[in-house]
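>>> sequence below, structure please.
(2 chains)
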Protein chains: 2
Amino acid sequence: MMIGINNIGVYIPQKRKSNLEKLEKFGIDENFLKNKIGVITRAVKEEYQRASDLCVEAFKNLQKKEEIDIDGIGLSIVVTQNPDYRLPHTSAVVHGKLGLPKNCACFDISLGCSGYVYGLAIAVSFMEKFGIKKGLLFTSDPYSEIVDEGDKNTSLLFGDAATVTLLTENPKWVIRDAIFETDGKQYEALIVRDGKLFMNGRAVFNYVLTSVPKQIQTLLEKNNLSKDDIDLFILHPGSKYMLDVLRLRLKLPPEKVPIDFSEYGNTVSSSIPIVLEKFLNEKGIGRILISGFGVGLSSASAILKRV
Amino acid sequence: MMIGINNIGVYIPQKRKSNLEKLEKFGIDENFLKNKIGVITRAVKEEYQRASDLCVEAFKNLQKKEEIDIDGIGLSIVVTQNPDYRLPHTSAVVHGKLGLPKNCACFDISLGCSGYVYGLAIAVSFMEKFGIKKGLLFTSDPYSEIVDEGDKNTSLLFGDAATVTLLTENPKWVIRDAIFETDGKQYEALIVRDGKLFMNGRAVFNYVLTSVPKQIQTLLEKNNLSKDDIDLFILHPGSKYMLDVLRLRLKLPPEKVPIDFSEYGNTVSSSIPIVLEKFLNEKGIGRILISGFGVGLSSASAILKRV
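Residues are numbered from 1 along each chain as shown, chains lettered A, B, ... in the order given. Below is the predicted model of the structure:
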């Protein structure tokens, strides 16, 4: 049995906060905001919404695209580090809200910006091993719950969103291969203390720039592929500057590296599936490389292949 | 590649709190404590210790049993709902503390008492799919951080502990099959609100008694096995009374259902591996059924087969 991606549902809250209003306060100009940070407005959930609520909205949007046989779902995973409760896991809450069947495996994965690549790899391997034919992989990490609006390092960057990826035995895309890395010595570079997010932007940037191009190169070589064989590189938008530098290091043309997040922000584990959704049915694209990196520090890259 | 269990390291803090001192306060007698709850003393970590510290101690105890080639470890998972931080994941902190190699995948799984069965299934399928030959599966859920010592429902029950399971391609035990269930409508039956654990003991008990015997029966039938083919049933010790009723429902003799937790308590996802460790090398035992159930509500059962 070969499990892969069949469809993706996306939820980006309509409410926006503008970064333009913060320029003076933080002593930066519009040019810096647009070209270095790359986020003009950030999507923000309503205060009463929790991670599980964003998942439910993403699922509703998936249902608008295709009819889902809820009783056939045998796995439901939520990737989050901002769960509804310390316990139970958010996937149990979502299970209850969606009325998923009893014989459905549910668990949460705690990972940040590398979470979608990991989640996909975990879900697919679990389903193939245990013969589960239909599964849901949610990403939902509402950073508005932990970002300090007065913190220049983080408050211009992150937005709220959720996605759900429908995984089936009749997929449109499968994982050809994936690799994973961790640098736990730098676990404090992105951390929540006393309910607030702290980011050592320089440490994260240095980690990404030294690790990710090498990781992508290793993954390609391991699979006897060159960069030319990849039609699209969906790289996690840490910031626009990070994306630009990564792209130049990898010597990729701009049209192969979509930049999409200026209107809603860096949505952590949701950033990759939000972009991937736009290309799922795009003609002429046969191989996509996805790469996520951040909290941990952690990075993960995978090659997706059209079936 | 067939991945399975090679060895297990266990850490149970030496410090104990006695439940005998609480009899008067809670209006219960010693007979009730011993025969219904089944926990006489509870293992309690030092206040400065966090989930990652307990993992490190479990790993040290594993190292006393066998030499571990740290550089060969390609996966490290922590099962916990009481992580060191909201983010990063505790597995990244453990990665740093143990000096695990860069090309090591790390993530946390948020699950409670069903967490070991799930964790084993997730780790094995991930390693087999991505060709990872050596991995660590930690369980560490220090409930002393969330249990209210004045709460009669919970404060006599839970103990602190951690375990680490070494998974390799030369295993002593492999998973023959596993099944998983969720009842998310009952997500409030075990929940942390404002930092404190609340348990609806009756709801949990009813769920376990109606779901788990059926689940075990289904798993056996699916694999053309009878209860007689299983040498040992390691059932999560929700309480002694729950274990006893479960055993009677399943019509199992006492010698097939070890009860071990009276001196340290219900250690959540660590309860099963603590017992399993004692039987890993026991002669005459070829098949073990493990079953965990609780927070979610959630239950998972697996058949382990000696290689």
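>>> for the most centrally placed residue in chain A, phi and psi?
In chain A, the centroid-proximal residue (Cα atoms, centre = their mean) is residue A:269; its distance is 2.5 Å. Dihedral pair for residue A:269: phi -70, psi -10, per degrees, to the nearest 10.
>>> was I right to think it contacts residue A:110?
No: counting by Cβ atoms under 8 Å, residue A:269 sits too far from residue A:110 to count as a contact (10.3 Å). All C-beta atoms are positioned from the backbone trio N, CA, C, and that covers glycine.
>>> so what sits against both of those two?
Residues touching both residue A:269 and residue A:110 (Cβ atoms under 8 Å, 6 or more residues apart in numbering or on different chains) are residue A:80.
>>> which stretches in chain A count as strands?
Under the criterion DSSP state E, chain A contains strands at A:4-11, A:16-18, A:41-43, A:75-79, A:105-110, A:134-140, A:162-168, A:173-182, A:190-193, A:196-199, A:232-235, A:287-294, A:298-306.
>>> closest one to residue B:51 among these?
Nearest to residue B:51, of all these, is strand A:105-110, at 11.4 Å by Cβ to Cβ.
>>> correct me, but residue A:209 touches residue A:245?
Yes: under the criterion of Cβ under 8 Å, residue A:209 makes contact with residue A:245 at 6.3 Å.
>>> ok, back up a step: with mean neighbour count as extra columns, can I get the strands of chain A in TSV?
Compiled in TSV, the strands of chain A are given as follows (neighbours: other Cβ atoms under 10 Å in any protein chain shown):
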stretch	mean neighbour count
strand A:4-11	23
strand A:16-18	14
strand A:41-43	22
strand A:75-79	29
strand A:105-110	29
strand A:134-140	28
strand A:162-168	27
strand A:173-182	22
strand A:190-193	19
strand A:196-199	18
strand A:232-235	23
strand A:287-294	24
strand A:298-306	25
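>>> output those strands as a markdown table; include the columns mean pLDDT.
Shown next, in a markdown table, are the strands of chain A (pLDDT from 0 to 100):
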| stretch | mean pLDDT |
| --- | --- |
| strand A:4-11 | 98 |
| strand A:16-18 | 97 |
| strand A:41-43 | 98 |
| strand A:75-79 | 98 |
| strand A:105-110 | 98 |
| strand A:134-140 | 98 |
| strand A:162-168 | 98 |
| strand A:173-182 | 97 |
| strand A:190-193 | 97 |
| strand A:196-199 | 97 |
| strand A:232-235 | 98 |
| strand A:287-294 | 98 |
| strand A:298-306 | 98 |
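>>> could you dump the ones you listed to JSON lines with distance to chain B?
What follows is these, written out as JSON lines (distance: least, Cβ to the nearest Cβ, whole Å):
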{"stretch": "strand A:4-11", "distance to chain B": "12"}
{"stretch": "strand A:16-18", "distance to chain B": "22"}
{"stretch": "strand A:41-43", "distance to chain B": "19"}
{"stretch": "strand A:75-79", "distance to chain B": "8"}
{"stretch": "strand A:105-110", "distance to chain B": "3"}
{"stretch": "strand A:134-140", "distance to chain B": "12"}
{"stretch": "strand A:162-168", "distance to chain B": "14"}
{"stretch": "strand A:173-182", "distance to chain B": "3"}
{"stretch": "strand A:190-193", "distance to chain B": "4"}
{"stretch": "strand A:196-199", "distance to chain B": "8"}
{"stretch": "strand A:232-235", "distance to chain B": "19"}
{"stretch": "strand A:287-294", "distance to chain B": "9"}
{"stretch": "strand A:298-306", "distance to chain B": "6"}
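>>> would you turn those into CSV with distance to residue B:307?
Listed next are those as CSV, based on distance: least, Cβ to Cβ, whole Å:
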stretch, distance to residue B:307
strand A:4-11, 31
strand A:16-18, 57
strand A:41-43, 51
strand A:75-79, 27
strand A:105-110, 25
strand A:134-140, 29
strand A:162-168, 31
strand A:173-182, 27
strand A:190-193, 41
strand A:196-199, 46
strand A:232-235, 41
strand A:287-294, 36
strand A:298-306, 31
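>>> domain-wise, how is chain A divided?
For chain A, the structural domains run A:4-170, A:174-306, going by automatic domain parsing.
>>> which of these sits most buried?
Mean neighbours per residue, mean count of other Cβ atoms under 10 Å in any protein chain shown, is largest over the domains of chain A for domain A:4-170, with a mean of 22.
>>> gap between residue A:201 and chain B?
Separation of residue A:201 from chain B (Cβ to the nearest Cβ, to the nearest Å): 16 Å.
>>> residues contacting the residue lying closest to residue A:125 once chain neighbours are set aside?
The shortest distance from residue A:125 to any non-neighbouring residue, by Cβ to Cβ, 6 or more residues apart in numbering or on different chains, is to residue B:129 (3.5 Å). Going by Cβ under 8 Å, 6+ apart, residue B:129 touches A:121, A:124-125, A:128-129.
>>> residue B:171 is nearest to which of the domains of chain A?
domain A:4-170 (14.8 Å).
>>> quick check: end-to-end length of the closest one?
Domain A:4-170 has its terminal residues 7 Å apart, counting by Cα to Cα, to the nearest Å.
>>> go on, stretch A:234-251?
Across stretch A:234-251, first to last residue, Cα to Cα, it's 15 Å.
>>> what's the answer for stretch A:81-95, then?
Terminal residues of stretch A:81-95 are spaced 18 Å apart (Cα to Cα).
>>> rewinding a little: need the contacts of residue B:129 in a markdown table with pLDDT, can you?
Formatted as a markdown table, those follow (pLDDT from 0 to 100):
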| residue | pLDDT |
| --- | --- |
| A:121 | 98 |
| A:124 | 98 |
| A:125 | 98 |
| A:128 | 98 |
| A:129 | 97 |
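>>> in helices, which of the residues you listed fall?
With helices defined by DSSP state H, the entries of those inside them are A:121, A:124-125, A:128-129.
>>> list just the nearest of those to residue A:297.
residue A:121 (18.1 Å).
>>> isn't that closest one up against residue A:179?
No: using Cβ under 8 Å, residue A:121 is not in contact with residue A:179, being 9.6 Å away.
>>> what is in contact with these two at once?
In contact with both residue A:121 and residue A:179: A:300, A:302, B:130, using Cβ under 8 Å, 6+ apart.
>>> which residues sit in contact with the closest residue in space to residue A:169 that isn't next to it in sequence?
Nearest residue to residue A:169, sequence neighbours excluded (Cβ to Cβ, 6+ apart): residue A:133, at 4.8 Å. By Cβ under 8 Å, 6+ apart, the contact list for residue A:133 reads A:1, A:3, A:72, A:74, A:127, A:168-169.
>>> show me which pair in the residues you listed is furthest apart.
A:1 and A:72, at 14.4 Å, using Cβ to Cβ across those.
>>> residue A:144 contacts residue A:161, doesn't it?
No: contact between residue A:144 and residue A:161 fails when scored by Cβ under 8 Å: they sit 10.6 Å apart.
>>> joint contacts of these two?
By Cβ under 8 Å, 6+ apart, no residue touches both residue A:144 and residue A:161.
>>> among the domains of chain A, which is nearest residue B:228?
Among these, domain A:4-170 sits nearest to residue B:228 (Cβ to Cβ), with 25.1 Å.
>>> centre of the chain to the closest one, how far?
Relative to the centre of its chain, domain A:4-170 is centred 7 Å away, using Cα atoms, centre = their mean, to the nearest Å.
>>> what does stretch A:164-180 give?
14 Å.
>>> show me the contacts for the closest residue to residue A:52 other than its chain neighbours.
Counting by Cβ to Cβ, 6+ apart, residue A:93 is the residue found nearest to residue A:52 once chain neighbours are left out, at 4.2 Å. Counting by Cβ under 8 Å, 6+ apart, residue A:93 touches A:52, A:84-85, B:184, B:187.
>>> same deal with residue A:166?
Residues near residue A:166 by Cβ under 8 Å, 6+ apart: A:5-9, A:62, A:66, A:68, A:134-136.
>>> turn the ones in helices among the contacts of residue B:129 into TSV, including distance to residue B:202.
Converted to TSV, those look like this (distance: Cβ to Cβ, whole Å):
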residue	distance to residue B:202
A:121	39
A:124	39
A:125	37
A:128	39
A:129	35
